[in-house]
Every structure is written in C-alpha cells, then in structure tokens.
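> Structure for this input, please:
(2 chains)
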Protein chains: 2
Amino acid sequence: MSAQKPSIPKGTRDFGPAVVARRNYIFGIIRRTFEKFGYAPLETPTLENLSVLTGKYGDEGDQLLFKVLNSGDFLKDVTADDLQNEDGKATRRVLPKVAEKGLRYDLTVPFARYVVMNRGTLTFPFKRYQIQPVWRADRPQRGRYREFYQCDADVVGTDSLLCEAEIVLMMCEVLNGLNKEAKSENQKLDYTITINHRGVLGGMYDALGESNGTETNLFTAIDKLDKIGIDGVKQELIDKGFTSTEAEKVFKLLYMPATAIPSSDQNQNARQEFLYRIQNLKKSLVVDISPSNILAETSERATRGLQELGQVVDFLTAFGFEQFDRLKFDPTLARGLSYYTGCIFEIKINNVNMGSVSGGGRYDNLTGAFGLPGVSGVGFSFGVDRLYDCLEELELFPEGAAATTRCLITNFDAETMPLLLPVLRELRAAGIPSEMYPESKKLAQQFKYADAKGIPYVLIQGPEERAAGQFKLKELRTGEEKTLTLDQVLATLA
Amino acid sequence: MSAQKPSIPKGTRDFGPAVVARRNYIFGIIRRTFEKFGYAPLETPTLENLSVLTGKYGDEGDQLLFKVLNSGDFLKDVTADDLQNEDGKATRRVLPKVAEKGLRYDLTVPFARYVVMNRGTLTFPFKRYQIQPVWRADRPQRGRYREFYQCDADVVGTDSLLCEAEIVLMMCEVLNGLNKEAKSENQKLDYTITINHRGVLGGMYDALGESNGTETNLFTAIDKLDKIGIDGVKQELIDKGFTSTEAEKVFKLLYMPATAIPSSDQNQNARQEFLYRIQNLKKSLVVDISPSNILAETSERATRGLQELGQVVDFLTAFGFEQFDRLKFDPTLARGLSYYTGCIFEIKINNVNMGSVSGGGRYDNLTGAFGLPGVSGVGFSFGVDRLYDCLEELELFPEGAAATTRCLITNFDAETMPLLLPVLRELRAAGIPSEMYPESKKLAQQFKYADAKGIPYVLIQGPEERAAGQFKLKELRTGEEKTLTLDQVLATLA
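Here you go, the predicted model:
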C-alpha cells in the first residue's frame, strides 16, 4: 500500500485533548442542569431508517440528509433505464434502491420516533435530555459544520406551562454557570432570552382578515426584522402576496412603545415591562380583532397565547425568579421550524457577534407523523459549537480545564526509575492523575513534555533527595520548587 | 404525510434513561482510570474519507465499512456501462463514483491518521484515550451490533515497556472498579489477563525451519486452540500447508508443565510461575532454535519477546503489583489483527460466558500507511457492550445508578402549587435533582410516576402541613413517611 497524505472530510473536525476538555466543561454544565430539573438521558442510534427521516425537515432538509449506501451488492435493483436523466429524476429513482438508512439530522425526530415506539412502557410526562452529534450535508462555513453536537431537553405528555417556566430557569442556570469563571462583568456572556407565542403570531395573521398571503410567509418575513429592517419585511410581505395596507397593519399591531415603568427594583421593573407589553399587545390584537369580523376561534388563539405568556411570568414570579431583566417579550420572534404551536424561545449573546445559542418551543403534534396524535410537548436545545466560540472569545474557560495529568515524575535513569514506581502508584491511589516520563531522556525534554501537555507539577528525585527520603516538587507556572516528603507532596497535589 | 409505524435499523439500539445511566457508570470508571494514568481525551469525526479507511482492515473489513452516498447528484459520473456486471465488478466500479466517505470502523486507524496529520504540533510520547461509537455492517447477532462503542487508550512515540506494565495496571483498576459494588466474592467478575508477545509466536514459526505454511496461518491456527483443541489446530495447520511433523513440533514447543511452586504467598507464587513459564519457553524456543540453523535474527525475536515479557513483570513488581494471580502467560494467544509486533493482551471473564472484554498490544508501524514510518505505540481497548452484559448478569450495577431525579414534589392543586415552587428552587439550589409533578392529577398517579422513574423520595404539603410550615417526606422503597421542616428535608436529601 503506498503512503497517502491523510485528510478529514470538509465540515468535520478532530477534537484534540485541550478542546475535548473544554467541550466537556460546557457539556457538564448543561447535563447537570438538565438532571437537576429531572430530565433523564436518552441516546438514539446514529443510523436511522430513511423512512423515519425523510419528509420531516422540508425539501431542503431531505437534500441535506446524509444517506448510507446499502451493504453488499447495492446496485442489484438499479437498471440502465433508471440512469436516464432526461426527466431530471434519475437520482430520485435510484436513491430508494441504493440507500435505506441515513444519519441523524436532529435529535427531535428520533425522540418522537422513540416515544411512539415505546409508548406502551414509558411513563408520561416523559422528560428526556439528549446530547449527541447530528449530521447535515450543508455547505461548511465559519461556525457551520457537517457534524456537530446538539443538547436537547424535552418533556412530552403534559401541557402544563410550568415546563415553559422551567425552560427559562434552565436557560438562565446554564448561562449563569458558563459565566462562573468570569473575572469581570465585561467578560460575562450578556444574554437575552426572547419569548413569544405562536398564538400571538397567528393572531396577527388573523387580524389582517382574509389575505392572499399565507401564515407561514407572514411568520418567515417577520422573523427577518432584525436582519432586513421594517422596509425589508414590508417588501417581502408584498412580494409574497400581501397588500401594502396589510403590511402596514402588521407594523401597527407590532408597535409597542418603550414602557420603562420607574421603579427602584430593576428586576421588578423588567417583570412589569414584560407584562405591560403583553397587555398592550392584547389590546391591539385581541380587542382590535373582535369587532373586525374575525372568527371567534382565531382571536381565541391570540388570547390564549397572551394568557399563556402571562402564566409563564406568574410561575417565574412564584419561583422567586430574579432575572426578569434577561427576559424579553418579542412578538416578531417566529423560530423557523413549522412544528411549534405554543411558546417559543431563543437566546442571543449581546456582546458576541453570533446567531442564537439556544432555542425551542412547544409543539402539539410532534409524534403525529408516526401515528400518535395529540401528544403535547415542549423542549429546547443548546448549540455547543456556538457557546464554545462565545466562551473562547470572552475567555470564560476555567484555567486548567485543558489538562488531565496533574503531576509528571521525571525519569532520571533506567536504574533508579523503578524505585519511583511505588510513588507513582501512591499518587494515583490518592486520585491524582499522574505519569512517569517513560524514557530516561534529558530533563529539559521531559519538562518540555510537561509544559506542552499543561501538566502543572513535576516531581524529581535525584540521588541527594533519595538519600534524604525526599522529593523536589516544581510548579511549572511559577517556577517555584520545594523539597518535600511524600506526604507533603500528596497534600500539595490533592 | 400518512402515519407510519417507525422502526430502527437492525443492529442498532435506543438507550433509554436507565441503560444510559448504567453505561455511563462503566464509561466513568474507564475514563477516570485512563485520566489517572495521564491519557488525554481525543475525538475524531464519525465521517472519514474512504481513502483513509479502505485497505486497513483487510478485504472483509472493506466489505463491512458503511459507505455514505455523495451529496447532490451522486449519479453524475455513473454510466450505463458501469452497471454491466458480467465481470462481477459493477459495484467495485460504481462505488468510488458515488461514495467518498464512510463511517468510522474502529478508533485505531483514525488515531493513526490524527497523529500523522498533527505530527508537527503534537508532543511525543502522545497518550490519548478515545471513547466513541464505531460502525460495522456485520450480520447482527447476540452481543454483536452494527453500532457499538469502543474505549481505547494508546501511547505512541515511545517503546518503553513501562507502557505495557501500566496497561496491566489500568486493566486491573477498571475491572476492580467494576467489582466495587459486588455483595459477595461469587458476584465479582473473575477476570484473567492473558499476555503474550508476537516475538514468541514468531520464534515458534522460526523454529519450524523453512516451511510451506505461512506465519499468519500459524498464528491464526494457534489462536483457535481454546475453541477447536489440539487436534483441530494440528489439522488446520496441515490444511494450510504445514507438514504433520511441523504441527507436532509446534505443540512440543508449546508444552509447558504446570509449575505450581509452593509458597505461602499466592501473589508471589503467581509471579514466580509466570516467570518460570517464560524461562521454560526460553529454553525450548531460544536454546532449541540456536543449533537448528535458524537465522540469528529470527531467534533474536523470540529472545527479545521473552525478555520484554520479563521486563513487564519486573516493572509490575517494582510497582508493588499485587494481582499476579490475575496474569497469565499464554504463548498461544495471537490476537487477530496483523499490525501487532510486540506484547499482546486479552481479558476474559471466567464466570460469564462471553468472549474477551478487552484486548490490545504493541505495534511498530501503525502510521506507516499514512507516510510516517517507525512510530512505535501500544494500546488497548474495552468492549463496553460485553462489559455491560457481564455486569448485568452478575448484578454489579450500583442501586440507583438508573435514577436521576431524587425528589418529586406532588402537585396538590393549581392554586397551592405555586406556593411550593420556592421549595423546588431551594432543593435544586442545594444540588438535589428535583421536580414538581406538572399537573394536579390524582396522588396515586403522581406516586406511580415517581415509582416508574425510580425517584426515591416524594415530598407532600397538604393544608395541614402548610399551616404548620412543614412537609411530609416519603421514602418510596421503605414506605417510611416523616413530617419535617424544610431544613430537615434538605438535610435528608443532601
């Protein structure tokens, strides 16, 4: 076999020791939070049947699925006719004949599949979290990979809004946890949790009366307000079949004056403002809608949406929630995925240039595609790659998160090396990750090894120290060197 | 979209909360051991280029690789001529045109690729561990899956036999750790670590003089001794081109009388026997070989192999190793994979009917296929699925490993529920995983939920307790119920 220059597929990454340790730091904070709130771990296979995946993510999603070639003679059902591509459908004809399986595209569809397959044995409400990689054949670019991790927590089988309130608490707990190592306020992740309700968006559509535009087009256009501005959204609405009067009306409904209610308590003030904005929209949506000949059920969804948002705020208040200043009600938040039906959430980091690092919402019919209708659930997800970049930019990773070994024992010569093996054993028995440099190379090289690996301490026993039953322990960061007994070494490293 | 009955691909599995918790228990013990010995984590992508994977696992391995279909118009280079299968080579012609990537087949080849790609920045010796799933399109059967985890630890860039000695220590530490929850000696994993050296096997081949049989065929046949017995091995050797005289000679060389050297110290006795068996084979291999006109270099590899085994025992002795009774020298151990060149290892569990749960060895040229020759390394791997089955059979999982939530607060009615949210908050702030049942359903149903989820405690506050500022805390396993203040609850649950 001739030697080859190896590479990895574009959009994929190797994670070396330092990066794995930092990623595990983030995973650990997320996992502990999920578990503290009673979510239990689930893992699903990387390979799913294409029949499970296809049609769940829209046409674009189907394109982006990685498909796995059938084993053995994968061509056995393919004919020369299948290859004829005059109709442009050759790949569509051949695909089902050569591939039955695909790679997990997200964690939500496999979760729905799991719930349906195990509905007989699961106890509802079922609260699960899932931290696993997903794959998308997207064009790789900065911050977008073909293999990346998602961290999801979902609860199905209850429509209690307590779940929504706890999602806000979990979001704060994770972000506060990630801020723990900040050396100043400036260095902290300055995050905002934006909340909306699909009923509010629906109410806005209803308020337009009978329109040539579709609800989905309205949501998609409004969702871009941040990026393309008011005029951009209006233009997109008109392009998608809304009249210019309708486009104006949307913004009249959305108009919400700043309402800073003076108060000495910032948290209380933020809570008041949140509720005020809901009340305000209630007037413009629900009250304005009533006389304009809209069906009762449509104004009902706006009413329900705003009531539910208020209920979430009430639960948070009962919890003694102290971070209302992090919470923002934004009636333009839409979240792309079409399966949401209730509250929707999104987290943005204001002091780092990055898309949303977390999002989620309530869905009333996630398992319907698998024959189990009417299971309500709510969930959310963290994007670990984006959080990683934020933490790196703000230098929020703890020092030493990258190291595993705590102490390197130097290897003086082949003869005396075995004499230090019992010491190595004692360090490990005390739970201190330690290693002996395996060869009697120059001390400078052994120190270089410790330094490169981020090992904080080096233990040396030359002939003198051996005679005295002692050791030299050197801390690499400070250069400080102490002569100690073994007990003192253990106490220092523990 | 019509409802479908969902399923998962054969040979794959969903891991529900209880199983994930138990698997994490095993992963945790392995990970902590690896880290205690100075191995640092590495993660490589699921997708590798087929150019990296192909040709590394033999013809059978190439067949078992899962290949991923190229994105977009994967047929664009396929012609009708390619499909002509008169020569039986249609799939071989089409495969490189439709698939460039495959799924990780083991952790060793990606590790070698990583080392070569990063040789400029890595500090050697490089000690890494890797715990990730691998995929093989094998026929699924009991204990064999198409997606399963491997846990590897390898060090490259040193030929120090200290690494081999530490592999024995790590193997014992992991197995002893898994035995920690055993309620009796009978329940423990009764494990044996078998060691051999490829030089010993090579020396055996050399001792046959010029033979029509190949070295690989000799190793493969001897490796089956356990399964097919002495006569079976002899027959296989003859079938593969060895003479019956040669087959006899192999067993003459292998013959090692039981050598129990009486001693009051079982560990010392086991160590002596190990060394005695090495000496014994040294006589039959090295001494017997010398006069029979074998090249000097060939007897040299047997000598080196036996010397190295002795050196590993010496290092273990220097460590104060106390489990020599777990260690067995077996000159018939071959380990299938052809890249091993030095010591080889294998662990079997004697009291569970299961193949080996761990194995490994030294290789002198792992990175050669990627253009970096002469990098010596040694490593080993645990099979988590088999360990899981062993632990389950012997009931070695700790109680409560399956539960995450520690306390469920019952939901009395919608009105009083919010009053308990501050209590929920306090439990969580104290680090106690807790949840409130989200709806005011019948208490019986709430208890059933706690029971099904393995939640050990249920907290109740009815009107009476509320008036007294107290709580009822019920332990589900015992049925015991106590009336406590919040501080007492926190103290009980902490």
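
> Now do the contacts for A:Phe382.
By C-beta atoms under 8 Å, 6 or more residues apart in numbering or on different chains, the residues touching A:Phe382 are A:Ile30, A:Gln150, A:Cys151, A:Val174, A:Val357, A:Ser358. Every residue, glycine included, has its C-beta placed from N, CA and C.

> go with 10 Å
When the contact criterion is C-beta atoms under 10 Å, 6 or more residues apart in numbering or on different chains, the partners of A:Phe382 are A:26-27, A:29-30, A:33-34, A:131, A:149-153, A:170-171, A:174-175, A:347, A:357-360.

> Also A:Leu225?
A:Leu225 sits in contact with A:Gly232, A:Val233, A:Phe251, A:Leu254, A:Asp330, A:Thr332, A:Leu333, A:Ala334, where contact means C-beta under 10 Å, 6+ apart.

> Apply 6 Å and report the result again.
Contacts of A:Leu225 were listed using C-beta atoms under 6 Å, 6 or more residues apart in numbering or on different chains, and they are A:Val233, A:Thr332.

> which of the contacts of A:Phe382 are buried?
When the contacts of A:Phe382 are checked for burial by 16 or more other C-beta atoms under 10 Å in any protein chain shown, the buried set is A:26-27, A:29-30, A:33-34, A:131, A:149-153, A:170-171, A:174-175, A:347, A:357-360.

> Could you tell me which of those residues belong to helices?
For the buried ones among the contacts of A:Phe382, membership in helices holds for A:Ile26, A:Phe27, A:Ile29, A:Ile30, A:Thr33, A:Phe34, A:Met170, A:Met171, A:Val174, A:Leu175, with DSSP state H as the criterion.

> Would you check which pair of those residues lies furthest apart?
Of all pairs drawn from these, the one with the largest separation by C-beta to C-beta is A:Phe27 and A:Met171; the distance is 16.1 Å.

> tell me the phi and psi of the residue nearest to the spatial centre of chain A?
Per C-alpha atoms, centre = their mean, the C-alpha nearest to the average position across chain A is that of A:Phe382, at 1.4 Å. As for A:Phe382, its main-chain torsions (degrees, to the nearest 10) stand at phi -100, psi 140.

> who's in contact with the nearest residue to it once chain neighbours are set aside?
Among residues not flanking A:Phe382 along the chain, A:Cys151 sits closest, at 4.3 Å (C-beta to C-beta, 6 or more residues apart in numbering or on different chains). Applying C-beta under 6 Å, 6+ apart, one finds that A:Cys151 lies in contact with A:Ile30, A:Ile131, A:Phe382.

> who does the second one bridge with?
Residues in a beta bridge with A:Ile131, per DSSP bridges, are A:Cys151.

> Contact residues of the stretch 251-400 of chain A facing chain B?
Within the stretch 251-400 of chain A, the positions near chain B by C-beta under 6 Å from any C-beta of the partner chain are A:Ala318, A:Phe319, A:Gly320, A:Ala369, A:Phe370, A:Gly371.

> Name the nearest residue to the second one, ignoring sequence neighbours.
Taking C-beta to C-beta, 6+ apart, and ignoring the residues beside it in sequence, A:Phe319 has B:Leu421 as its nearest neighbour in space, at 4.5 Å.

> you'd agree the one you found is in a strand?
No - assessed by DSSP: H, G, I helix; E, B strand; the rest coil, B:Leu421 does not belong to a strand; its assignment is helix.

> To what extent is it buried, counted in neighbours?
Applying other C-beta atoms under 10 Å in any protein chain shown, we find 22 other residues in the vicinity of B:Leu421.

> Let's see the pLDDT reported for it.
Each residue has a pLDDT score; the one for B:Leu421 is 96.

> Okay, now the unreliable bits of chain A?
Low-confidence segments of chain A (pLDDT under 70): A:1-4, A:255-264, A:283-299, A:337-338, A:400-403.

> Select the longest helix from it.
Under DSSP H, chain A gives helix A:296-318 as its longest helix.

> Each with direction, which strands does the strand or helix carrying A:Ile193 pair with?
A:Ile193 belongs to strand A:191-197 when elements are defined using DSSP states H and E. If you go by DSSP bridges, strand A:191-197 pairs up with strand A:327-329 (parallel), strand A:343-349 (antiparallel).

> among those strands, which is the most enclosed?
Each of the strands paired with strand A:191-197 was given a mean neighbour count from mean count of other C-beta atoms under 10 Å in any protein chain shown, and the largest, a mean of 24, is that of strand A:343-349.

> relative to helix A:296-318, how tilted is that one?
Relative orientation of strand A:343-349 versus helix A:296-318 (axes from the mean of the first three to the mean of the last three C-alpha atoms, to 10 degrees): 50 degrees.

> what sits up against strand A:343-349?
Residues from elsewhere that reach strand A:343-349 (C-beta under 6 Å, 6+ apart): A:164, A:171, A:189, A:191-197, A:333, A:335, A:356-362, A:380, A:390.

> check contacts around the residue of the stretch 201-350 of chain A found nearest chain B.
Taking C-beta to the nearest C-beta as the measure, the stretch 201-350 of chain A has A:Ala318 as its residue closest to chain B, at 3.6 Å. In this structure, A:Ala318 makes contact with B:Pro418, B:Leu421, judged by C-beta under 6 Å, 6+ apart.

> Over to A:Asp413?
Neighbouring residues of A:Asp413 by C-beta under 6 Å, 6+ apart: A:Ser440.

> for it, helix, strand, or coil?
Applying three-state DSSP to A:Asp413 yields a three-state assignment of coil.

> quick one: the helices in the stretch 101-250 of chain A?
A:108-117, A:162-178, A:198-207, A:215-222, A:225-239, A:244-254 (DSSP state H, counting those that start in this stretch).

> what's the angle between the third one and helix A:215-222?
Orientation note: helix A:198-207 sits at an angle of 110 degrees relative to helix A:215-222 (the same axes, to 10 degrees).

> With the second one instead?
Using the same axes, to 10 degrees, the inter-axis angle of helix A:162-178 relative to helix A:215-222 is 30 degrees.

> For helix A:162-178, which helices and strands make contact with it?
With contacts taken as 3 or more C-beta pairs under 6 Å, 6 or more residues apart in numbering or on different chains; DSSP states H and E, helix A:162-178 sits against helix A:17-36, helix A:296-318, strand A:377-383.

> run the last query once more with 8 Å
In this structure, helix A:162-178 makes packing contacts with helix A:17-36, strand A:147-156, strand A:191-197, helix A:296-318, strand A:343-349, strand A:358-363, strand A:377-383, judged by 3 or more C-beta pairs under 8 Å, 6 or more residues apart in numbering or on different chains; DSSP states H and E.

> next one: the third one
In this structure, helix A:198-207 packs against helix A:215-222, helix A:244-254, helix A:288-289, helix A:296-318, with contacts taken as 3+ C-beta pairs under 8 Å, 6+ apart.

> Let's have these in a markdown table, adding distance to A:Val20.
Output for these, formatted as a markdown table (distance: least, C-beta to C-beta, whole Å):
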| stretch | distance to A:Val20 |
| --- | --- |
| helix A:215-222 | 38 |
| helix A:244-254 | 45 |
| helix A:288-289 | 54 |
| helix A:296-318 | 36 |
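
> Out of these, which is closest to B:Glu481?
Distances from B:Glu481 to each of the helices and strands packed on helix A:198-207 were compared using C-beta to C-beta; the shortest belongs to helix A:296-318, at 26.2 Å.

> So for the closest one, what gets flagged as buried?
Taking 16+ other C-beta under 10 Å as the basis for neighbour counts, the residues of helix A:296-318 that come out buried are A:298-313, A:315-318.

> Now that helix - C-alpha only, PDB.
In PDB, the C-alpha atoms belonging to helix A:296-318 read as follows (Å, rounded to 0.1, in the frame of the first residue of the first chain):
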ATOM      1  CA  ALA A 296     -64.100  33.600  17.300                       C
ATOM      2  CA  GLU A 297     -61.600  30.800  17.300                       C
ATOM      3  CA  THR A 298     -58.900  32.900  15.600                       C
ATOM      4  CA  SER A 299     -59.000  35.700  18.200                       C
ATOM      5  CA  GLU A 300     -59.000  32.900  20.700                       C
ATOM      6  CA  ARG A 301     -55.500  31.800  19.700                       C
ATOM      7  CA  ALA A 302     -54.100  35.300  20.300                       C
ATOM      8  CA  THR A 303     -55.900  35.400  23.600                       C
ATOM      9  CA  ARG A 304     -54.600  32.000  24.600                       C
ATOM     10  CA  GLY A 305     -51.100  32.900  23.600                       C
ATOM     11  CA  LEU A 306     -51.000  36.100  25.600                       C
ATOM     12  CA  GLN A 307     -52.600  34.400  28.600                       C
ATOM     13  CA  GLU A 308     -50.100  31.600  28.500                       C
ATOM     14  CA  LEU A 309     -47.200  34.100  28.300                       C
ATOM     15  CA  GLY A 310     -48.700  35.800  31.400                       C
ATOM     16  CA  GLN A 311     -49.000  32.400  33.200                       C
ATOM     17  CA  VAL A 312     -45.300  31.700  32.500                       C
ATOM     18  CA  VAL A 313     -44.400  35.000  34.100                       C
ATOM     19  CA  ASP A 314     -46.600  34.200  37.000                       C
ATOM     20  CA  PHE A 315     -44.800  30.800  37.600                       C
ATOM     21  CA  LEU A 316     -41.400  32.500  37.300                       C
ATOM     22  CA  THR A 317     -42.600  35.100  39.900                       C
ATOM     23  CA  ALA A 318     -43.700  32.300  42.200                       C
END
